[in-house]
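**Q** turn this into a model:
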Amino acid sequence: MSDSLRSPAETRQELKRLDDLEAFKLCELEGSPGLRALTDFAANLCATPIALVSFVERDRQWFPARTGLDAQETPRETSFCAHTMRGDGLMVVPDASCDPRFRENALVVGEPGIRFYAGAPLVSDDGVQLGALCVIDRIPRSDLTPLQREGLQVLATTIMAQLAQRRSHLYQTDELGEQESKFRILADTMPQMVWSTLPDGFHDYYNARWYEFTGAPAGSTDGVGWNGMFHPEDQERAWSVWRQSLQTGEPYEIEYRLRSANGEYRWTLGRALPMRDRNGSITRWFGTCTDIHDHKMMLAQREIIAQELSHRIKNIFSVVIGLISFSTRHRPELTDVAADLRNRILALGRAHDFVRPHSEASQPEKRPNSLSGMLSDLLAAYVERVTIAGDEIIIDDHSATPLALTFHELATNAAKYGALAAPDGCITITCTKEGKNAHIAWIERGGATVQEPKDLGFGSKLIELSVVRQMGGEMKRAWSRRGLEVHLTVPLSALLRRPRTGL
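**A** Numbers count the residues shown, from 1 in each chain. Model (predicted):
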């Protein structure tokens, strides 16, 4: 049927069918040995001289596999298979010369002189009509035997199963190709260097930024060539860390010096994560290299400045302590007051040294800027009698000063009148996070019996000033026979003004 004789609905349906045929990429099947084996078998099964796999297109039907016929294609208007593919089952024409549909067909009145035709439609599960598997004889026949009919349909089903599997594979291949293309475009627009490896660590992909940064020829760093781009002092360490990740599947992270295109070695942060399948097996590694050289240099400069400032601040503390000693030299009645003041200034000095910016080399043994670390520093003289437990609470330089003064006063009073004044006395400090607040409990045990004082001394007023007024917290004290208990509640926001972020 020509397009001029089709209704608009039929025309739209046919255009969609032709569009759907493209997904099968049928033109690649020309001369397929697998299909030819099936037409040979169909001809033998049905005892016919001709057997064809026919795909029906817009203007022609063509035969990717044919037995007993030299022609590769015929015009669509002469196609028997175009009728077959629209049916629900086997189409049998006993004598085409007597059939009104075909008696004037060029393939009937001329070569190959079709008389008997039997065809099984080739239709996909989603309804795409491709054509038919057919057998042809030059003499009329009443029908196929039941076995031949069933065999022809089984062969048609086998062909469609192969074509459906092939279409699915082509779709997945195209989809993967499209995803890979998108990934490459995205990776090439990133400021970081991006790389990928096989599960065994063989590097087989770098983005454009890698070659731009290193100046290495494309492909020259595939495999294990990447390690030669590192500073000689970093190569063995980089290999060791990478082997550890490959053996364990752990994320890869390391800082090393990478040679740039101008020969300069620049500090770089290398990171990689494994991609796993459903069974948990690693299928690929994806990694990045980020230039952190300027950041590293900035940290080094900041450390130099911080050390210089710390040195000068300590000098100021020393000068103040010297002035106190000088001013009270001839005033023996102020000796105790001067000693307390000196101790407070020394406590401030230790607190300052703890919370100032540190490099990896200069940072305290305990976690930088942690409350427990600062308390351990301040109370180092009583290390065997003071226990610090609980949550890790981060502080900054703003909260370190009032905290240092508070716990210095508590420790001083404990040494004079409380648990630290007795041989068996001890103190437990417990830090906990409760919602948006930090709770710090100071518990003294084993000291002399304490009583609530009638008047608050300077030290107690200093604690109240530090906790309540400077940090917006609360303080509760309890004098019991077992020892003094102090409970401080301070907003976490007062201890750490803003989160510290790294790279």
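**Q** how about stretch 52-61: buried residues?
**A** 52, 53, 54, 55, 56, 57, 60, 61 (16 or more other Cβ atoms under 10 Å). C-betas here are computed from N, CA, C, even on glycine.
**Q** nope, stretch 453-467 is what I was after
**A** Buried residues in stretch 453-467 (16+ other Cβ under 10 Å): 459, 460, 462, 463, 466, 467.
**Q** the helix or strand where the third one lies - contacts with which helices or strands?
**A** Meaning residue 462. Element membership for residue 462 (DSSP states H and E) is helix 458-464. When contacts are defined as 3 or more Cβ pairs under 8 Å, 6 or more residues apart in numbering; DSSP states H and E, helix 458-464 packs onto helix 397-416.
**Q** sorry, back to before: average pLDDT for the helix holding residue 462, rounded please.
**A** For helix 458-464, the mean per-residue pLDDT is 74.
**Q** using CSV, write out every CA atom in that helix.
**A** Once non-C-alpha atoms are left out, helix 458-464 reads as follows in CSV (Å, rounded to 0.1, in the frame of the first residue of the first chain):
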residue,chain,number,x,y,z
PHE,A,458,37.7,37.7,94.5
GLY,A,459,38.3,34.3,92.9
SER,A,460,34.6,33.3,93.1
LYS,A,461,33.6,36.7,91.7
LEU,A,462,36.1,36.1,88.8
ILE,A,463,34.5,32.8,88.1
GLU,A,464,31.0,34.2,88.0
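**Q** what's the following helix or strand after that helix?
**A** Counting by DSSP H and E, what follows helix 458-464 is strand 474-480.
**Q** before we move on, the earlier item: from the buried residues of stretch 453-467, which is closest to residue 165?
**A** residue 467 (74.7 Å; Cβ to Cβ).
**Q** domains in the chain, by residue range?
**A** 3-170, 191-291, 296-362, 364-503 (automatic domain parsing).
**Q** got the end-to-end distance for the second one?
**A** Between the opening and closing residues of domain 191-291 there is a gap of 9 Å (Cα to Cα, to the nearest Å).
**Q** before we move on, the earlier item: lowest average pLDDT across the domains of the chain?
**A** Looking at those, the bottom one is domain 296-362 with a mean of 67.
**Q** list the buried residues for the lengthiest strand in the chain?
**A** Longest strand of the chain, by residue count under DSSP state E: strand 265-276. The neighbour-count check on strand 265-276 (16+ other Cβ under 10 Å) flags 265, 266, 267, 268, 269, 270, 272, 273, 274 as buried.
**Q** that one - contacts with which helices or strands?
**A** Using 3+ Cβ pairs under 8 Å, 6+ apart: strand 265-276 touches helix 232-248, strand 252-259, strand 282-291, helix 293-327.
**Q** which of the residues in stretch 11-26 are classified as buried?
**A** In stretch 11-26, the ones that count as buried by 16+ other Cβ under 10 Å are 17, 20, 21, 24, 26.
**Q** just give me how far stretch 257-271 sits from the chain centre.
**A** 24 Å (Cα atoms, centre = their mean, to the nearest Å).
**Q** contacts for that stretch next, please.
**A** 212-215, 229-231, 233-234, 238, 251-256, 287-293, 295-296, 503 (Cβ atoms under 8 Å, 6 or more residues apart in numbering).
**Q** can you tell me which of these are buried?
**A** Using 16+ other Cβ under 10 Å, the buried members of these are 213-214, 229-231, 234, 238, 252, 254, 256, 287-293, 296.
**Q** re the thing from before, which ones among the buried residues of stretch 11-26 map onto strands?
**A** Among the buried residues of stretch 11-26, no member falls in strands (DSSP E).
**Q** would you turn these into CSV with distance to residue 425?
**A** What follows is these, written out as CSV (distance: Cβ to Cβ, whole Å):
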residue, distance to residue 425
17, 94
20, 88
21, 92
24, 88
26, 93
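**Q** tell me which of those is nearest to residue 86?
**A** residue 17 (10.2 Å).
**Q** ok, the closest one touching residue 126?
**A** No: counting by Cβ atoms under 8 Å, residue 17 stays clear of residue 126, with 11.4 Å between them.
**Q** quick check: residue 432 is in a strand.
**A** Yes: assessed with DSSP: H, G, I helix; E, B strand; the rest coil, residue 432 lies in a strand.
**Q** now it: how far from residue 439?
**A** Distance from residue 432 to residue 439, counting by Cβ to Cβ, to the nearest Å: 5 Å.
**Q** same question, residue 417
**A** If you go by Cβ to Cβ, the gap between residue 417 and residue 439 works out to 25 Å.
**Q** what do you get for residue 28?
**A** Residue 28 is 73 Å from residue 439, where distance means Cβ to Cβ.
**Q** cool, residue 96 as well?
**A** Taking Cβ to Cβ, one finds residue 96 at 97 Å from residue 439.
**Q** tally of neighbours for residue 387?
**A** Neighbours of residue 387 under the rule other Cβ atoms under 10 Å: 12.
**Q** now name the helix or strand holding it.
**A** Going by DSSP H and E, residue 387 is part of strand 386-390.
**Q** in its sheet, what does the host helix or strand of residue 136 sit against?
**A** For residue 136, the element it lies in under DSSP H and E is strand 129-137. Looking at strand 129-137 with DSSP bridges, its partner strands are strand 50-56 (antiparallel), strand 116-123 (antiparallel).
**Q** for residue 376, which of those is the nearest?
**A** strand 116-123 (79.6 Å).
**Q** tell me the buried residues in the closest one?
**A** Buried residues in strand 116-123, counted by 16+ other Cβ under 10 Å: 116, 117, 118, 119, 120, 121, 122, 123.
**Q** output the strand holding residue 136 in CSV with nothing but the alpha carbons.
**A** Listed next in CSV are the C-alpha coordinates belonging to strand 129-137 (Å, rounded to 0.1, in the frame of the first residue of the first chain):
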residue,chain,number,x,y,z
GLN,A,129,6.8,-5.0,13.2
LEU,A,130,10.1,-5.9,11.5
GLY,A,131,9.1,-8.3,8.8
ALA,A,132,8.9,-12.1,8.5
LEU,A,133,10.7,-15.4,8.3
CYS,A,134,9.2,-17.1,5.2
VAL,A,135,9.6,-20.2,3.0
ILE,A,136,8.7,-20.1,-0.7
ASP,A,137,8.0,-22.8,-3.3
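**Q** now do it: distance to the chain's middle.
**A** Centroid separation for strand 129-137 versus its chain: 51 Å, with Cα atoms, centre = their mean.
**Q** what's near enough to touch the most centrally placed residue in the chain?
**A** Centroid-nearest residue in the chain, with Cα atoms, centre = their mean: residue 273, separated by 6.9 Å. Residue 273 makes contact with 251, 252, 285, 286, 287, according to Cβ under 8 Å, 6+ apart.
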